[in-house]
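In: Okay, structure incoming, though there's no sequence with it:
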C-alpha cells in the first residue's frame, strides 16, 4: 500500500519541481487513507442459536463514520436479502459513530422492517446506543449477552422458515 504513493512521489519529483512532487505524493497517500476509511472490512458468518435457529452475524472491523456508513448499509442489505434470516450486527469493534451513522442505521432498520426481517445489534457501546436511540428509539434492538438472542427471537415469534425443495 505504501509502494504506489512512494513510486508516485518519486516519479513526480523527477518530472516536476521537488515541492510539487512531494505534494503529489501526499495527495496520493491521502486518497489511499480516505479510501480505506470509506471501506471498512466486513465479515459475515451464518450461525445457529442453541435451539437451531439460523442467523447472520455481520462484524465491521472498525468505527462507522460518515464516509463508510452508506457502504456498510448497502453491504448489509445485500447479504441479508440473500440469506433471508435474522441479522445480528456485532458492534464489538465499533468504537465511534456520528449522527450520519445514526441516520443511516435508522434507514437500515426501516429497510429491514419493510422486508419483515429481524435486525439486532450486539455489544453496542453505550454512547453509540444513545446516539442511535435518538434516531430510531422504538425499533432499535440491542443485546449484550449471546443467550439473549434466543429470547429476542422468541419474543418476536420468529421460527425458522423452512425452504421448500
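Out: Yep, it's here. What you see is a predicted model, and the numbers here were worked out from it, not measured in a lab.
In: Which residue, other than its chain neighbours, is closest to residue 43?
Out: residue 59 (5.0 Å; Cβ to Cβ, 6 or more residues apart in numbering). Bear in mind the C-beta positions are built from the backbone N, C-alpha and C, glycine included.
In: Helix, strand or coil: sort out the one you found for me.
Out: strand (DSSP: H, G, I helix; E, B strand; the rest coil).
In: same question, residue 134
Out: helix.
In: Could I get the average pLDDT for the lengthiest helix in the chain?
Out: Scanning the chain for the helix with the most residues, using DSSP state H, yields helix 18-38. Averaged across helix 18-38, pLDDT comes to 92.
In: Buried ones in it, by neighbour count?
Out: Residues 21, 24-25, 28-29 are the ones in helix 18-38 that count as buried (16 or more other Cβ atoms under 10 Å).
In: Remind me which helix or strand the residue sitting nearest the centre point of the chain belongs to.
Out: Geometric centre of the chain, nearest residue: residue 72, 4.2 Å, by Cα atoms, centre = their mean. Element membership for residue 72 (DSSP states H and E) is helix 66-83.
In: and the next helix or strand after that helix, how far from the chain's centre?
Out: Per DSSP H and E, helix 66-83 leads on to strand 87-90 as the next helix or strand towards the C-terminus. Put simply, strand 87-90 sits 9 Å off its chain's centre (Cα atoms, centre = their mean, to the nearest Å).
In: name the helices or strands packed onto strand 87-90?
Out: The criterion is 3 or more Cβ pairs under 8 Å, 6 or more residues apart in numbering; DSSP states H and E, and the helices and strands that strand 87-90 contacts are strand 54-60, helix 66-83, strand 119-122.
In: what's next to the second one, contact-wise?
Out: Residues from elsewhere that reach helix 66-83 (Cβ atoms under 8 Å, 6 or more residues apart in numbering): 34, 37-40, 42, 44, 46, 56, 58, 60, 64, 87, 89, 97-98, 100-101, 104-105, 107-108, 111-112, 115, 117, 119.
In: Over to stretch 140-150?
Out: 49-51, 53, 55, 88, 105, 109, 118-124, 129, 132-133, 152.
In: The same query, at a cut-off of 6 Å, please.
Out: Defining contact as Cβ atoms under 6 Å, 6 or more residues apart in numbering, one finds that stretch 140-150 is touched by 49, 120-124, 129, 132-133.
In: and the end-to-end length of it?
Out: 17 Å (Cα to Cα, to the nearest Å).
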